[in-house]
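S.K.: got a predicted structure plus its sequence, pasted below:
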Amino acid sequence: MNDKRKILAINGSYRDGGVTDQAVTGVLEELQAMHADVEHIRLREYPIGFCLNCRECMQQPGDAPGRCVRNDGMAELIQKIEDADGYVLAAPTNFSSVTALFKRFSERLAVYGYWPWGKPAPVFRKAKMPKKPAIIISSCAAPGLLGRLTYVTNRNLKIAVKTIGGKVVGSMVTGLISQVRTAGLPKRARRRMKTLAPRLVA
C-alpha cells in the first residue's frame, strides 16, 4: 500500500526556469526529500481551453466536480486535483494579477461550483468537506511586501485554493525579480521553501 502524500503543483508561469519555476521546483524537491509523491503541472504546456461560461457544469448536483462540455486536458487535471493530498499553486504577477495562463485555469474551476438556473449565487461543492493543505507562491517586480499588499495575485491564488477544497497553510512572495535579465532565488526565499514544504506533509 502506498502511503506517500501526493502533492500536486500547478504553475502558471510563462517562462522556463524563471523565478516561479525555481520556487515551485525547490519546494517539490524539499517534499521529495520527505518522501512525498509530487507532480509539477506547468500550465504553459497543458492543453486547456477557455471557459465558455455556459454553466452546464454547474447544473449537475453533488459534491463531485461537474462535467465540462469541453473535451480537453482539464478533465484529467481535475482528477489529479481530486486525487492529491495537498497543493502548490503558483503564478508570477502580470499587470497586478496572476498570468492569463493561471486565470484561464481558474475559470475552468467552475466545475467546483453548483449554481442551478434561478438561484442567486453558486455554492462551493467542497465547502463542507475536509480541507487539504495548500501553499501559494508568487513573484513580482515590486518589493515582496508591497506586492503582497497591493497586487491581487495572492488573492486570486487563494480563491483557486478555496474552490478546489484547499486551505492555505503558507505563502511565499519573491519580490524585485526584474532587476536583472535572469533572476535567481534569494537566500531568504530558499530558507522559506524549507519552512513551507513540511506544512504539506504534516
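M.R.: Perfect, thanks for sending it. Numbers count the residues shown, from 1 in each chain.
S.K.: how about the nearest residue to H35 once chain neighbours are set aside, what does it touch?
M.R.: Excluding the flanking residues, the one nearest H35 by C-beta to C-beta, 6 or more residues apart in numbering is K4, at 6.0 Å. For the C-beta atoms, the positions are set from N, CA and C on the backbone; glycine is no exception. Listed by C-beta atoms under 8 Å, 6 or more residues apart in numbering, the contact partners of K4 are H35, A36, D37.
S.K.: only alpha carbons, please: show the worst-scoring helix or strand of the chain on mean pLDDT as PDB.
M.R.: Every helix and strand in the chain was compared by mean pLDDT, DSSP states H and E; the lowest is helix 144-150, with a mean of 86. Coordinates of each C-alpha in helix 144-150 appear next as PDB, following Å, rounded to 0.1, in the frame of the first residue of the first chain:
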ATOM      1  CA  GLY A 144       7.800  41.500  -1.900                       C
ATOM      2  CA  LEU A 145       5.800  43.100   0.900                       C
ATOM      3  CA  LEU A 146       4.500  45.800  -1.400                       C
ATOM      4  CA  GLY A 147       3.400  43.200  -3.900                       C
ATOM      5  CA  ARG A 148       1.700  41.200  -1.200                       C
ATOM      6  CA  LEU A 149      -0.300  44.200   0.000                       C
ATOM      7  CA  THR A 150      -1.100  45.900  -3.300                       C
END
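S.K.: which neighbouring elements make contact with the very next helix or strand once past it?
M.R.: Going down the chain from helix 144-150, the next helix or strand is helix 153-163, by DSSP states H and E. Counting by 3 or more C-beta pairs under 8 Å, 6 or more residues apart in numbering; DSSP states H and E, the packing neighbours recorded for helix 153-163 are strand 86-92, helix 100-107, strand 132-139, strand 166-174.
S.K.: how does it look with 10 Å?
M.R.: Helix 153-163 is packed against strand 86-92, helix 100-107, strand 132-139, helix 144-150, strand 166-174, with contacts defined by 3 or more C-beta pairs under 10 Å, 6 or more residues apart in numbering; DSSP states H and E.
S.K.: ok, which of these comes nearest P47?
M.R.: For the helices and strands packed on helix 153-163, the distance to P47 is smallest for helix 100-107, at 11.4 Å, taking C-beta to C-beta.
S.K.: so for the closest one, what gets flagged as buried?
M.R.: Using 16 or more other C-beta atoms under 10 Å as the test for burial, helix 100-107 gives L101, F102, K103, R104, F105, S106.
S.K.: one more: stretch 60-80?
M.R.: Buried, per 16+ other C-beta under 10 Å, within stretch 60-80: P65, G66, C68, R70, G73, M74, L77, I78.
S.K.: those residues: which two are farthest apart?
M.R.: Pairwise over the buried residues of stretch 60-80, using C-beta to C-beta, the maximum falls at G66 and G73, 16.6 Å.
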